[in-house]
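Undergrad: I would like the atomic coordinates for the input below:
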Amino acid sequence: SDDYDVDRFTWEQQDAIFVVAAGNSAADGVGSPGTAKNALTVGATVNRAGGSEELAYFTSVGATYDGRLKPDVVAPGHPVTSASSDGFPGQTSCGVTSMSGTSMATPLISGTLALVREYFAKGHYKEGSPPRAQPLSPSAALMKALLVTSAV
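TA: Just a heads-up that it's a prediction; the model follows:
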């Protein structure tokens, strides 16, 4: 299954982290690979000025076969305004479009993880500025733990 493949790969490549959209079928629960133990599964919140603590109505939620609750974290995903290509290679024009979904929330979490990894890799983690600390290559487990425990 996809869950097994994700968990096996992250066991073998301990710095690899899978960031997975929870899905947009609230009634059906979270599907594979979002139920993998080592996947960081992302749900969507309603995007409002000043923040929102409201889970988007479509976000898939639920328990895994062993009782863990998913998604692990949520981010703004309803609606998100983003660049829109006209679909023609070589064209220089693009517009914007608004879309909703857990797949719109997931890139925000991926970008956050990239910044956190860079923070450790540059040695900022002890005093906030390099080079006082030795650079660190954080494991996926550490990255996931930092993000999940720091969520508000």
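
Undergrad: just want the most central residue of the chain.
TA: Centroid-nearest residue in the chain, with C-alpha atoms, centre = their mean: residue 109, separated by 3.6 Å.

Undergrad: could you look up the SS state of it?
TA: helix (DSSP: H, G, I helix; E, B strand; the rest coil).

Undergrad: ok, the closest residue to it other than its chain neighbours - how many residues close by?
TA: Closest residue to residue 109 apart from its sequence neighbours, by C-beta to C-beta, 6 or more residues apart in numbering: residue 42 at 4.9 Å. For every residue, glycine as well, the C-beta is placed using N, CA and C. Residue 42 has 28 neighbours, counted by other C-beta atoms under 10 Å.

Undergrad: confirm residue 42 sits in a helix?
TA: No - per three-state DSSP, residue 42 lies outside any helix segment and is strand.

Undergrad: list the contacts for it?
TA: When contacts are counted by C-beta atoms under 8 Å, 6 or more residues apart in numbering, residue 42 touches 19-22, 71-75, 102, 105-106, 109.

Undergrad: give the next helix or strand downstream of the lowest-mean-pLDDT helix or strand in the chain.
TA: Ranked by mean pLDDT, DSSP states H and E, the weakest helix or strand in the chain is strand 80-85, scoring a mean of 87. Next helix or strand after strand 80-85 toward the C-terminus (DSSP states H and E): strand 94-99.

Undergrad: pLDDT on that next one, on average?
TA: Average pLDDT, strand 94-99: 89.

Undergrad: sheet-wise, list the partners of that strand with their directions.
TA: In the sheet containing strand 94-99, its partner strands are strand 80-85 (antiparallel), by DSSP bridges.

Undergrad: which positions in the least confident helix or strand of the chain come out as buried?
TA: Counting neighbours by 16 or more other C-beta atoms under 10 Å, one finds that the buried residues in strand 80-85 are residue 80.

Undergrad: restricting to C-alpha, output that strand in CSV.
TA: Presented in CSV, the C-alpha positions along strand 80-85 are these (Å, rounded to 0.1, in the frame of the first residue of the first chain):
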residue,chain,number,x,y,z
VAL,A,80,-6.3,30.6,-1.8
THR,A,81,-5.5,33.0,-4.6
SER,A,82,-2.5,32.0,-6.7
ALA,A,83,-0.9,32.5,-10.1
SER,A,84,-2.7,31.0,-13.1
SER,A,85,-1.0,30.0,-16.3
